[in-house]
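**Q** Pasted the sequence and its predicted model underneath.
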Amino acid sequence: MKPVIVVENSPILTANPEHKNFTATDKIIPAGATMVGDFKNIIGTRRGKPFTYRLFIDKDGIIVYEKNVKMNEIKMNLTGTENDRTITLPSAQKFSTTHAVVSVIAGVLGYAVAKKMGKTGKTAMFIAGGSAIAGYMVANYMVNRNITIEKK
């Protein structure tokens with residue numbers, strides 16, 4: 001499903017199974033209206049010859065010509081040229097329980113390793129503190145990744 005904007009007043013189409021084509025009704029969708037649906041290519045006839053109709057079919061079944069609508073593009077954090085197809089969204093999370101848990105585990109492990117090495121008092125606490133800071137940086141790398149969306 002794609003959001004589109006109606007560019008010009010567009011008549012609603014109805015299928016004509018007898019002639020295998022589409023007929024405009026007297027109902028009109030005004031310019032500037034927003035619709036959600038999909039683009040379809042439907043094979044039918046026009047003046048008795050095979051023809052491919054390019055249509056937009058709304059989620060409610062409303063049919064209009066493709067030429068009367070355009071894609072409703074949402075641009076977020078785009079950098080570079082107009083043809084840029086990569087969107088990078090920074091992670092919204094700055095601090096999480098992951099940071100705290102990994103920091104505490106790293107600090108405890110650092111203290112245990114320092115004690116195993118025979119360090120005492122202040123030196124063991126410095127090693128534990130350095131390990132906790134390193135644990136925080138590792139957690140920060142794990143959690144704060146950018147989200148990249150690429151259109152192919």
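**A** Okay, I see it.
**Q** Could you list every helix and strand that the strand ranked longest in the chain packs against?
**A** Across the chain, the longest stretch assigned as strand under DSSP state E is strand 34-46. Strand 34-46 is packed against strand 2-6, strand 21-29, strand 49-58, with contacts defined by 3 or more CB pairs under 8 Å, 6 or more residues apart in numbering; DSSP states H and E. For the C-beta atoms, the positions are set from N, CA and C on the backbone; glycine is no exception.
**Q** between the ones you listed, which one is nearest to residue 129?
**A** Relative to residue 129, the nearest member of the helices and strands packed on strand 34-46 by CB to CB is strand 2-6, separated by 52.0 Å.
**Q** And the contacts of the closest one?
**A** Outside strand 2-6, the residues that touch it by CB atoms under 8 Å, 6 or more residues apart in numbering are 29-39, 56, 64, 68-72.
**Q** That one: which residues count as buried?
**A** Of the residues in strand 2-6, 4, 6 count as buried by neighbour count, 16 or more other CB atoms under 10 Å.
**Q** ok, then the element right after that strand?
**A** Heading C-terminal from strand 2-6, the first helix or strand you meet, by DSSP states H and E, is strand 10-16.
**Q** counting contacts, what elements does that next one pack onto?
**A** For strand 10-16, the packing partners by 3+ CB pairs under 8 Å, 6+ apart come out as strand 21-29, strand 63-65.
**Q** So for the first one, what gets flagged as buried?
**A** The neighbour-count criterion (16+ other CB under 10 Å) identifies 21, 22, 29 as the buried residues of strand 21-29.
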